[in-house]
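**Student:** Predicted model and sequence follow; I will ask about them next.
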Amino acid sequence: MSHTPLRDGTAAFAEMRRYKAMFDNTWTLSTVLATALAVISWYFGLAQVDIGPVVWSLAAMALAQLALSSLAIRASQLRLQISALASQLLGTVMMGTVWHLFGGLQQPLFPLFIVLPLLTGALLLGFWQQQAATVALLLVLFSGIVLSADTNSFIEARYGIHLMSPESLPVWVPRSRIAFADVTTSPGYDLMMMATVAVIAFAVSTSARALVNLCARGADRVRSLEEDLERQHEALALLVKGAPGAEVLVMAGSGRIVHASDEFSRVFDIPAAEGLFLLDSVAFAYPGVIKKLMSAGGSEIQGARVRGRDSVLRIRAGIVGSGQSQMARLALEACDDVCWRGAVDALEEPVFALNAQGEVVFLNRAAATVFGEEAHGASGSTLFEAGAARWWDIAPLESARRLLDRGGRRYFASIRRERIADSVGELSFVHLHEREPVHAVAVS
């Protein structure tokens, strides 16, 4: 874990402070549980010890922990870790003192109260800092052996190792008290219990660090994915905002606009469309059709009121995502040509159009009846009988008339050239008026 100090207010420092608060709360919990154990044991007469020194020692430890936490409220990351290590070492020493006052080796599981903060300490302490805290706990366990005369004698008699005897220690060092006068345990049992607690403490500390490292890698991965997702959202917003046409990205379920293109805002005169509801912002003639498009996608022609006038829109919808996050991307474009195409289709006289290459690009219904649907895309030279090659080419004139024959019928064709756009070129629009049959002219 890095020890680089971070400025207050950064995300990493705020996370470190949360870890420190969790660590302090764990020590508070350990202190409360140890105090409750002492009080309950005294109240029910389970342990024959004076709990006064025990309670006062725990109270002094709680005040010392509070003071250390207060000093580290606005510290740097390194100082937070040093404060946490100091709290752990202080708590280990004082909880070890309470252990001896509460029976020492006769309470072999009491040091587990010191192990509990090591779980959350792994979130905050560095590797070597946590190892130092574990070593301090092992020293407390070893002190239980040193302060027991029976265990010292057993180790010296069995293994020939002379440990420091309790009589050689200063008088201010607290000796282990007898909590249960009628209970005796063998030195071998005491050593085995201390070894078991030491192994548990080491296993908990190591497992906690392994879990923290695993969770840290998972958190880094999640943060990386969140950053990627955020960048994708920003890219999507830029794509929609800069779209050349009127486009919106809406929530499929509610119809709320997530992103809107600048062209959409301009065309529909909605300066800030994000957050609004599409059906409230644009007056569609049939809102139910738009709801269906938002849920299933597709393309429809829809009437709408745009800037105070009726308009015809072509709406194309595509579905993005799935489930609760499903969105619909709608492209809205004016297609007033549908109106004039309908009007042209309603004419009784054949009307069609050819491009500069002489290919048929549009036929109304009457023209399709005359030439057949297969005439769409065919060359204009195939529409009428031989001798009428390039009959549509009237340049440099803007308009002209031709007499053309097809299937024994004669048509009077009015041709007019129109430039649709520079990129499309000119179209020749042809209106046909049927004249008398060809054979009737020949007889006359």
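**Tutor:** Alright, I've got the coordinates.
**Student:** What about Gly377, how many residues nearby?
**Tutor:** Gly377 sits with 8 neighbouring residues when counted by other C-beta atoms under 10 Å. For every residue, glycine as well, the C-beta is placed using N, CA and C.
**Student:** Next one: it from Phe362, what distance?
**Tutor:** Going from Gly377 to Phe362 by C-beta to C-beta, to the nearest Å gives 11 Å.
**Student:** Can you check my assumption that Ala203 lies in a helix?
**Tutor:** Yes: according to DSSP: H, G, I helix; E, B strand; the rest coil, Ala203 belongs to a helix.
**Student:** Could you tell me the per-residue confidence at it?
**Tutor:** Looking at Ala203, its pLDDT is 93.
**Student:** How about the one 4 residues further on?
**Tutor:** Ser207 is assigned 92 on the pLDDT scale.
**Student:** So it belongs to a helix, correct?
**Tutor:** Yes: when the secondary structure is assigned by three-state DSSP, Ser207 falls within a helix.
**Student:** residues near it, how many?
**Tutor:** So Ser207, with other C-beta under 10 Å, has 13 neighbours.
**Student:** please renumber so the chain begins at 421
**Tutor:** OK, 421 is where the count begins now, so the last one is Ser627.
**Student:** residue contacts, the closest residue in space to Gly741 that isn't next to it in sequence?
**Tutor:** Spatial nearest neighbour of Gly741, chain neighbours left out: Met747 (5.6 Å); criterion: C-beta to C-beta, 6 or more residues apart in numbering. Listed by C-beta atoms under 8 Å, 6 or more residues apart in numbering, the contact partners of Met747 are Leu669, Val670, Met671, Ala672, Val678, Ile739, Val740, Gly741.
**Student:** Among those, which one sits closest to Pro537?
**Tutor:** Distances from Pro537 to the contacts of Met747, taken as C-beta to C-beta, are shortest for Gly741 (44.3 Å).
**Student:** Need phi/psi at the closest one.
**Tutor:** phi 80, psi -170 (degrees, to the nearest 10).
**Student:** Any idea how far apart the tips of stretch 512-532 sit?
**Tutor:** 10 Å (C-alpha to C-alpha, to the nearest Å).
**Student:** Give me the buried positions along that stretch.
**Tutor:** 512-528, 530-531 (16 or more other C-beta atoms under 10 Å).
**Student:** And for stretch 822-837?
**Tutor:** Arg822, Leu824, Asp825, Arg826, Arg830, Tyr831, Ala833, Ile835, Arg837.
**Student:** That stretch - what's its average pLDDT?
**Tutor:** 88.
**Student:** For the nearest residue in space to Thr571 that is not next to it in sequence, give its distance to Val475.
**Tutor:** Once flanking residues are discounted, Thr571 sits nearest to Pro607: 4.5 Å by C-beta to C-beta, 6+ apart. Relative to Val475, Pro607 is positioned 30 Å away (C-beta to C-beta).
**Student:** Can you tell me the element the residue positioned nearest the centre of the chain falls in?
**Tutor:** When C-alpha atoms, centre = their mean is applied to the chain, the residue found nearest the centroid is Glu646 (4.9 Å). In this structure, Glu646 is located in helix 607-661 according to DSSP states H and E.
**Student:** C-terminal to that helix, what's the next element?
**Tutor:** strand 666-671.
**Student:** Could I get the full set of strands for the stretch 671-820 of the chain?
**Tutor:** 677-680, 703-704, 718-726, 729-740, 747-754, 771-774, 780-783, 819-826 (DSSP state E, counting those that start in this stretch).
**Student:** quick revisit: let me see the confidence value for the residue nearest to Gly741.
**Tutor:** 90.
**Student:** Look up the residues forming beta bridges with it.
**Tutor:** Met671, Val740 (DSSP bridges).
**Student:** What are the buried residues along the helix or strand harbouring Ala456?
**Tutor:** If you go by DSSP H and E, Ala456 is part of helix 431-463. Neighbour-count burial for helix 431-463 flags 433, 436-437, 439-440, 443-444, 446-447, 450-451, 454-455, 457-458, 461-462 (criterion: 16+ other C-beta under 10 Å).
**Student:** who touches the very next helix or strand once past that helix?
**Tutor:** On the C-terminal side of helix 431-463, the closest following helix or strand by DSSP H and E is helix 471-491. Residues outside helix 471-491 that contact it (C-beta under 8 Å, 6+ apart) are 440, 444, 447-448, 451, 454-455, 458-459, 461-462, 503, 506-507, 510-511, 514-515, 517-518, 521-522.
**Student:** So which bits of helix 471-491 are buried?
**Tutor:** So for helix 471-491, counting by 16+ other C-beta under 10 Å, buried means Ile471, Val474, Val475, Ser477, Leu478, Met481, Ala482, Gln485, Leu488, Ser489.
**Student:** Mind putting those into CSV with distance to Ala618 and pLDDT?
**Tutor:** Below are the buried residues of helix 471-491 laid out as CSV (distance: C-beta to C-beta, whole Å; pLDDT from 0 to 100):
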residue, distance to Ala618, pLDDT
Ile471, 27, 89
Val474, 23, 91
Val475, 27, 93
Ser477, 23, 93
Leu478, 23, 94
Met481, 22, 94
Ala482, 26, 93
Gln485, 24, 91
Leu488, 26, 87
Ser489, 28, 85
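**Student:** remind me which residues of the protein are low pLDDT?
**Tutor:** 421-429, 495, 585-592, 594, 756-759, 806-808, 840-844, 856-864 (pLDDT under 70).
**Student:** what about 50?
**Tutor:** Scanning the chain for pLDDT under 50 picks out the ranges 421-428, 860-864.
**Student:** okay, now the domains of it?
**Tutor:** The chain breaks down by automatic domain parsing into domains covering 431-643, 662-755, 760-863.
**Student:** gap between Ile739 and Met671?
**Tutor:** 12 Å.
**Student:** got it, and Gln485?
**Tutor:** Applying C-beta to C-beta to Gln485 and Met671 gives a distance of 50 Å.
**Student:** mind checking the SS state of Phe849?
**Tutor:** strand.
**Student:** Mark which of the buried residues of stretch 512-532 are part of strands, please.
**Tutor:** Among the buried residues of stretch 512-532, none falls in strands (DSSP state E).
**Student:** Counting only helices, which of those make the cut?
**Tutor:** Thr512, Val513, Met514, Met515, Gly516, Thr517, Val518, Trp519, His520, Leu521 (DSSP state H).
**Student:** I'd like those residues as TSV, with distance to Asp689 appended.
**Tutor:** Output for these, formatted as TSV (distance: C-beta to C-beta, whole Å):
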residue	distance to Asp689
Thr512	71
Val513	74
Met514	72
Met515	72
Gly516	76
Thr517	77
Val518	75
Trp519	77
His520	82
Leu521	81
